[in-house]
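Q: got a structure for you, letters missing:
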């Protein structure tokens, strides 16, 4: 999953000890640390946008 800090919050990656960017950070879906940060409201789960479907060209 991708997480980003909630507005006004600075979050550190517990492994690298660096702040995560506002654009988001890839983490494991079952990482209890990030699940807890989301539950506490310190982090926001970013929904991955599905690729847009291209309209099929007419085969006329």
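A: That came through, no problem. The shown structure was predicted, so the numbers you read here are calculated from the model rather than taken from an experiment. Numbers count the residues shown, from 1 in each chain.
Q: spell out the residue ranges of the strands in this structure.
A: With DSSP state E as the definition, the chain shows strands at residue ranges 2-5, 25-26, 43-46.
Q: worst mean pLDDT among those?
A: Ranked by mean pLDDT, these bottom out at strand 25-26, which scores a mean of 92.
Q: roughly how far is that one from the heart of the chain?
A: Relative to the mean C-alpha coordinate of its chain, strand 25-26 is positioned 5 Å out (C-alpha atoms, centre = their mean, to the nearest Å).
Q: what helices or strands is that strand leaning on?
A: Strand 25-26 is packed against strand 2-5, with contacts defined by 3 or more C-beta pairs under 8 Å, 6 or more residues apart in numbering; DSSP states H and E. The C-beta positions use only the backbone N, C-alpha and C, and glycine is treated the same way.
Q: in the strand it packs on, which residues are buried?
A: Judged by neighbour count (16 or more other C-beta atoms under 10 Å), strand 2-5 contains these buried residues: 3-5.
Q: may I see the strands of the chain organised as a markdown table, with distance to residue 17 added?
A: Supplementary listing: these in a markdown table, determined by distance: least, C-beta to C-beta, whole Å:
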| stretch | distance to residue 17 |
| --- | --- |
| strand 2-5 | 15 |
| strand 25-26 | 13 |
| strand 43-46 | 16 |
